[in-house]
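J.: give me coordinates for this.
(chains A, B, C and D)
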There are 2 protein chains.
Amino acid sequence: MNETVKSFQPLDPLLHSELRLAVMSVLLGVPEADFVFLKAQTGATSGNLSVQIDKLEQAGYIEVTKGFKGKMPQTICRITDQGRDAFAAYVEALRSYIS
Amino acid sequence: MNETVKSFQPLDPLLHSELRLAVMSVLLGVPEADFVFLKAQTGATSGNLSVQIDKLEQAGYIEVTKGFKGKMPQTICRITDQGRDAFAAYVEALRSYIS
DNA sequence: TAATTTGGTTTATAATGTAAACTTGTTTAT
DNA sequence: ATAAACAAGTTTACATTATAAACCAAATTA
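T.: Next up, the predicted model:
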């Protein structure tokens, strides 16, 4: 008798968050996106988005560049290679639960 | 110009939890499972498992029957139809982020 | 009968998520 | 010119959640 254990892969807590996952999902599809665009795409409040962008940046999953668009401040985000890898790993881990 | 929004589906917070998802995943594959088995499959601590089982039961996603196996207490869990539906919906919602 | 194990539950604490309130500067109206 | 409204964020306070440590009752073993 071979009692196997299902062996669930751990889920990266940084990506296992609705808003952060949405942000990463958007960034995967575009070369870059600014704060305003991310807010529109995710439907997040500014405060929440600001916090989650910080966390993704701290983690090295995205790069953030602050500049100006005309005279208005602009926060541009790009996904990093590390972020891309982490996302792929997260999706892979998810499969151990949902497949 | 058609500016579409990605439209991420909301993720059921009850299922968007590593341990609860693992429990549901196990229960999907078997007619029923007891506390001890779930603990082994998920690698969870007893306390954590106890709490998360409660939450899934409160939500109507699983049914819990307390009885005895020999003289030892035994907590048996079964997934409900509602739980099955919720899981399917959760997986479907996930696709809007990861595909 | 004392110590250990089993099968859990309760609870205290830490970590997380979220929105409201605030800030800094810009544009518009008066 | 000045006030009011708006834009783009950030900070913070609060609520929710997750987690493990501590606990408990009964059973088993030494």
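
J.: residue A:73 belongs to a strand, doesn't it?
T.: Yes: remark: residue A:73 belongs to a strand, assigned using DSSP: H, G, I helix; E, B strand; the rest coil.

J.: and the closest residue in space to it that isn't next to it in sequence, which helix or strand is it part of?
T.: Distances taken as C-beta to C-beta, 6 or more residues apart in numbering or on different chains place residue A:66 nearest to residue A:73, at 6.9 Å, with adjacent residues excluded. No exception for glycine: its C-beta is placed from N, CA and C like everyone else's. Residue A:66 is part of strand A:62-69, with elements assigned from DSSP states H and E.

J.: which stretches of chain A form helices?
T.: Ranges of helices within chain A are A:18-29, A:35-42, A:46-58, A:81-98, based on DSSP state H.

J.: enumerate every residue touching the residue nearest to the spatial centre of chain A.
T.: Centroid check for chain A by C-alpha atoms, centre = their mean gives residue A:24 as the closest residue, at 2.9 Å. The neighbourhood of residue A:24, defined by C-beta atoms under 8 Å, 6 or more residues apart in numbering or on different chains, consists of A:15, A:56, A:61, A:62, A:79, A:83, A:87.

J.: what sits up against stretch A:65-78?
T.: Against stretch A:65-78 from outside (C-beta under 8 Å, 6+ apart): A:23, A:27, A:31-36, A:38, A:53, A:56, A:62-64.

J.: for chain B, see how far away whichever residue of chain A sits closest to DNA strand C is.
T.: Here the residue of chain A nearest DNA strand C is residue A:47; by C-beta to the nearest atom of the strand that distance is 2.1 Å. Using C-beta to the nearest C-beta, to the nearest Å, residue A:47 is found at 18 Å from chain B.
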